[in-house]
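Visitor: quick one, what's the 3D model for this:
(3 chains)
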Amino acid sequence: MPFVRIDLMLGKDATYRTTIGDVVYEAMRRTLDVPENDRFQVIAERGASDFIVDRTYMGIERTDDCVVIQITLNEGRDVAKKKAFYKAVADGLHERLKLRREDVFINLVEVKKENWSFGNGEAQYAPQ
Amino acid sequence: MPFVRIDLMLGKDATYRTTIGDVVYEAMRRTLDVPENDRFQVIAERGASDFIVDRTYMGIERTDDCVVIQITLNEGRDVAKKKAFYKAVADGLHERLKLRREDVFINLVEVKKENWSFGNGEAQYAPQ
Amino acid sequence: MPFVRIDLMLGKDATYRTTIGDVVYEAMRRTLDVPENDRFQVIAERGASDFIVDRTYMGIERTDDCVVIQITLNEGRDVAKKKAFYKAVADGLHERLKLRREDVFINLVEVKKENWSFGNGEAQYAPQ
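Guide: Numbering: from 1, shown residues only, chains lettered A, B, ... in the order given. A predicted model of the protein is given here:
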């Protein structure tokens, strides 16, 4: 159910981009109690003038490699789980792609369980 | 006011893509009490490696034709209306485009009435 | 922390698009208490058939120049601040780019403070 939008600057190959998706999915599985195979991700490359991430905000140095990850998911995870997720994504991207941890920007948008249809025109997660 | 983002894999022509928008708009009109002409939609095509929808999650078989529809709208619709909307979209896409109902993924994001400006720098829906 | 997605029709040059981002950032600084350098924006150009904004909804005449601005930000700003922001964006785009104020569409999505990581795998805004 988490629906993930990944934005990054043009210039990385498909394997690199897919690996970002892999890392986000694996981090969700480990830290956010996301079920197996619950993976829905859209990746978009942007030209430099269309991808603006401040280079110093909060004292964090960002580069052209910065990845912006915006995730819509069910409400209710506590702060500890969210923190574990951020760390797992930053660590995973660093390990797998040598991405600097400073270059990982994440935003969560929370919604109600009934706000999803996974196919067939049904609300699979709605209260019965 | 609903603002609709539609993502799908590259390869469908403009008429096909516009018809997706038509179906979503008509379903909103019929099931979500959306006013006439309240239609704001952005459609994005993605390459195969940038559009990842799991092929089996929840026992639903998805294909390359899967369409992801993410809609931001005012909070307050009940579960029955949301269910009617999901069904209307899946039925409409099946009838008009022969899209398999399994290939219709929908997510709603709810916001407050004051969170919209439809032009002129005003908050047309804000409480007076 | 506000994360901004800007969508517009193909055909404006990079300077024009960047100026939209400048105006949105400056309006946030002045009306929404956004800190200096808190600027994270993604801009996407769309073909005409993939960018559907109704031309008359609410009696507002929109053209191909319409700009759709969707912003994810922390919850808690009051209606007066949001109204001031909408006005500042429409006025700024009119002054800087001669954009008609009718062609400025804005939507806010509010989230909790703990829903952001600005880098390093940490939740910089989470309650301690």
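Visitor: three-state assignment of residue A:105?
Guide: Secondary structure, DSSP: H, G, I helix; E, B strand; the rest coil: residue A:105 is strand.
Visitor: list the residues that contact it.
Guide: A:53, A:62, A:66, A:67, A:68, A:69, C:3, C:40, C:117, C:118, C:119 (Cβ atoms under 8 Å, 6 or more residues apart in numbering or on different chains). In short, each C-beta sits where N, CA and C put it, glycine included.
Visitor: can you give me the neighbour number for residue A:94?
Guide: Residues lying near residue A:94 (other Cβ atoms under 10 Å in any protein chain shown) number 17.
Visitor: for residue A:95, see how far away the spatially closest residue to it that is not a sequence neighbour is.
Guide: Nearest residue to residue A:94 in three dimensions, chain neighbours excluded: residue A:101, at 5.3 Å (Cβ to Cβ, 6 or more residues apart in numbering or on different chains). With distances taken as Cβ to Cβ, to the nearest Å, residue A:101 is found 10 Å from residue A:95.
Visitor: pull up the residues of chain A that are close to chain B.
Guide: A:3, A:14, A:17-18, A:21, A:35, A:37-45, A:72, A:109, A:111-112, A:114-124, A:126-127 (Cβ under 8 Å from any Cβ of the partner chain).
Visitor: so which of these would count as near chain C as well?
Guide: A:44, A:109.
Visitor: can you flag the buried ones in the residues of chain A next to chain B?
Guide: For the residues of chain A next to chain B, a burial check counting by 16 or more other Cβ atoms under 10 Å in any protein chain shown picks out A:3, A:17, A:21, A:38-45, A:72, A:109, A:111-112, A:114-124, A:126.
Visitor: so which of the residues you listed belong to helices?
Guide: Taking DSSP state H, the ones among those that sit in helices are A:17, A:21.
Visitor: more crowded one of residue A:101 and residue A:95?
Guide: Set side by side, residue A:101 and residue A:95 show more neighbours around residue A:101, with 18 against 10, by other Cβ under 10 Å.
Visitor: my guess is the residue nearest to residue A:94 contacts residue C:121. True?
Guide: Yes: proximity of residue A:101 to residue C:121 meets the contact threshold set by Cβ atoms under 8 Å, at 5.7 Å.
Visitor: contact residues of chain A facing chain C?
Guide: So chain A meets chain C at A:7, A:44, A:46-47, A:49-54, A:56-58, A:60, A:62, A:68, A:70, A:79, A:82-83, A:86-91, A:101-110 (Cβ under 8 Å from any Cβ).
Visitor: in ChimeraX, how would I select just the buried ones from those?
Guide: Filtering the residues of chain A next to chain C down to the buried ones (16+ other Cβ under 10 Å) takes a single ChimeraX command:
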select /A:7,44,46,50,51,52,53,54,57,58,60,62,68,70,82,83,86,87,88,89,90,101,102,103,104,105,106,107,108,109,110
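Visitor: which members of the residues of chain A next to chain B occur in strands, if any?
Guide: A:3, A:40, A:41, A:42, A:43, A:44, A:45, A:72, A:109, A:111, A:116, A:117 (DSSP state E).
Visitor: want to throw the residues you listed into CSV with pLDDT?
Guide: Listed next are these as CSV, based on pLDDT from 0 to 100:
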residue, pLDDT
A:3, 98
A:40, 98
A:41, 98
A:42, 98
A:43, 98
A:44, 98
A:45, 98
A:72, 98
A:109, 98
A:111, 98
A:116, 98
A:117, 98
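Visitor: quick check, central residue of chain A?
Guide: Centroid check for chain A by Cα atoms, centre = their mean gives residue A:69 as the closest residue, at 3.9 Å.
Visitor: tell me how far that one lies from residue A:53.
Guide: 12 Å.
Visitor: likewise for residue A:123?
Guide: Residue A:123 is 36 Å from residue A:53, by Cβ to Cβ.
Visitor: distance between the helix or strand containing residue A:88 and the chain's centre?
Guide: Assigned by DSSP states H and E, residue A:88 belongs to helix A:79-97. Centre-to-centre, helix A:79-97 and its host chain are 10 Å apart (Cα atoms, centre = their mean, to the nearest Å).
Visitor: how big is the angle separating it from strand A:104-111?
Guide: 140 degrees (axes from the mean of the first three to the mean of the last three Cα atoms, to 10 degrees).
Visitor: need the contact list for the residue in chain A that chain C sits nearest to.
Guide: When scored by Cβ to the nearest Cβ, chain A has residue A:90 as its residue closest to chain C, at 3.0 Å. Contacts of residue A:90 were listed using Cβ under 8 Å, 6+ apart, and they are A:101, A:104, C:117, C:119, C:120, C:121.
Visitor: rerun at 6 Å
Guide: Counting by Cβ atoms under 6 Å, 6 or more residues apart in numbering or on different chains, residue A:90 touches A:101, A:104, C:121.
Visitor: quick check: the second one vs residue B:51, distance?
Guide: Read that as residue A:104. 22 Å.
Visitor: skip the chain neighbours and tell me the closest residue to the residue of chain A closest to chain C.
Guide: residue C:121 (3.0 Å).
Visitor: quick one: the one you found and residue A:84 touch, right?
Guide: No: between residue C:121 and residue A:84 there is no contact under Cβ atoms under 6 Å: 9.4 Å.
Visitor: residue A:43: what's it in contact with?
Guide: For residue A:43, the contact set (Cβ under 6 Å, 6+ apart) comprises A:6, A:17, B:50.
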